[in-house]
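Peer 1: Just a sequence and a predicted model for now, questions to come.
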Amino acid sequence: MTTTFEAGTDASQEASAPAVPMAARTRGLRKVYGRTVAVDHVDLDVPEGAVLGMLGPNGSGKTTTIRMLLGLVRPTEGEVELFGRKMPDEAAHALPDVGALVEGPGFHPFLSGRENLLRVAAAEPRLASAGIPGAVDAALERVGLTDAATRRYKGYSLGMKQRMGLASALLVPRRMVVLDEPTNGLDPAGTREIRRIIAELHADGVTVLVSSHLLAEVEATCTHVAVLQSGNVIAQGELSELLESGNAALLVRTPDAELAVETLRENRIGSRLTPDGVRVDLTAAEAPDVLRHLVTAGVAVHEAARARTGLEDLFARLTQPESTVDGEGES
Ligand SMILES: Nc1ncnc2c1ncn2[C@@H]1O[C@H](COP(=O)(O)OP(=O)(O)OP(=O)(O)O)[C@@H](O)[C@H]1O
């Protein structure tokens, strides 16, 4: 499957609208560890102001891509730009604009949350000494750690540690915030908090890049999506476009479901049984033709409606081998 929705490369857009500026951009990005190709020729576009969800199963290359974006890992091949600056060579110029929560933030176990953040803040080039305590307290408040601020980091739960990482990313206003699996270890209330923070950042015009394997999470919070599989970006673009592209199914409510499936198979149209009828694949068929075939064969069609597939369906469609999709291609 190679469905790709390249941001800003639509021909009509190129002709009329100016290209959207990119907060982050990669071209031909590749990372090889020994025999493992972690990331392979990734062309990723993160438009300024977008909340882009990087979605993919475990081991698909999300963290490695993020690490290369942040200059933490040098690519084997390819280019990375953050706000037009080449990474990792121009990291010192680009990184002050970027707050990041990546795996394993190195906090000191025997210092409190507040003391740890004071240390991080002291190394922050955008913060004058006098502003440090205020910035730390505001960040603790924003992630809900004020009450635990004087406790040792060592005793924090996984969720609290995640919040600490987030607080350090939010110590100063950023143009972009990168969050690698920010809801890992969080309870539902913590997850809602992260959503709220992402929404606030978005409202402030901050670009957010967030990786997740939680599809519902991405669907709820993101404006754009990049789907990774085995180190490749297999689809990217605006969430609404990607959802639209997963729209090619017709739900038919009928008591004659088996006859419907048989009829459609004879006409080389994929379908499968649902609790109250059939779900018809519309990638290679038009809805009126489907209905005509069914009615001609004597199938009682009680209702027919286009299915709006969620990102979950899209994700499954993109990452499954084609042969498993709805019996397509059977005769
Ligand atoms: N430092 C490393 N040394 C060797 N292999 C690595 C290293 N980092 C990542 N890999 C391998 O690269 C592949 C991609 O890993 P990566 O962590 O980027 O995926 P991911 O999508 O972030 O996965 P997860 O959701 O499990 O965090 C995996 O096969 C992983 O084992």
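Peer 2: Thanks, I have it. Numbers count the residues shown, from 1 in each chain.
Peer 1: how about the residues of the stretch 101-250 of the chain that lie near the ligand?
Peer 2: Contact residues, the stretch 101-250 of the chain versus the ligand (C-beta under 6 Å from any ligand atom): residue 213. Just so you know, the C-beta spots here come from the backbone N, C-alpha and C atoms, and that holds for glycine as well.
Peer 1: Does residue 40 lie in a helix or a strand, and which?
Peer 2: Residue 40 is located in strand 36-42, with elements delineated by DSSP states H and E.
Peer 1: That strand near the ligand anywhere?
Peer 2: Yes. Using C-beta under 6 Å from any ligand atom, we find that strand 36-42 touches the ligand at 36, 38.
Peer 1: any low-confidence regions in this structure?
Peer 2: Along the chain, the parts satisfying pLDDT under 70 run over 1-18, 104-105, 244-247, 308-314, 317-331.
Peer 1: for it, longest strand please?
Peer 2: strand 22-33 (DSSP state E).
Peer 1: re earlier: strands paired with the strand holding residue 40, and their directions?
Peer 2: Applying DSSP bridges, strand 36-42 is found paired with strand 22-33 (antiparallel).
Peer 1: check whether the partner strand contacts the ligand.
Peer 2: Yes. Applying C-beta under 6 Å from any ligand atom, one finds strand 22-33 in contact with the ligand at residue 33.
Peer 1: Would you mark the buried spots in stretch 113-126?
Peer 2: Across stretch 113-126, burial judged by 16 or more other C-beta atoms under 10 Å covers 113, 114, 115, 116, 117, 120, 121, 124.
Peer 1: Off-centre distance for the strand holding residue 40?
Peer 2: Centroid separation for strand 36-42 versus its chain: 18 Å, with C-alpha atoms, centre = their mean, to the nearest Å.
Peer 1: now stretch 61-74
Peer 2: Its chain's C-alpha centre and that of stretch 61-74 lie 15 Å apart, by C-alpha atoms, centre = their mean.
Peer 1: List of residues touching that stretch?
Peer 2: 24, 26, 29, 31, 38-40, 42, 44, 54-56, 75, 80, 82, 87-88, 91, 94-95, 98, 100, 102-103, 178, 180, 209, 211, 228, 230-232 (C-beta atoms under 8 Å, 6 or more residues apart in numbering).
Peer 1: quick one: is that stretch near the ligand?
Peer 2: Yes. Using C-beta under 6 Å from any ligand atom, stretch 61-74 comes into contact with the ligand via 61, 62, 63, 64.
Peer 1: on that earlier part again, which residues are contacting the strand holding residue 40?
Peer 2: Strand 36-42 is contacted from outside by 26, 28-32, 61, 64-65, 68, 75, 78, 228, 230-233, using C-beta under 8 Å, 6+ apart.
Peer 1: Among those, name the buried ones.
Peer 2: Buried among those by 16+ other C-beta under 10 Å: 26, 29-31, 61, 64-65, 68, 75, 78, 228, 231-233.
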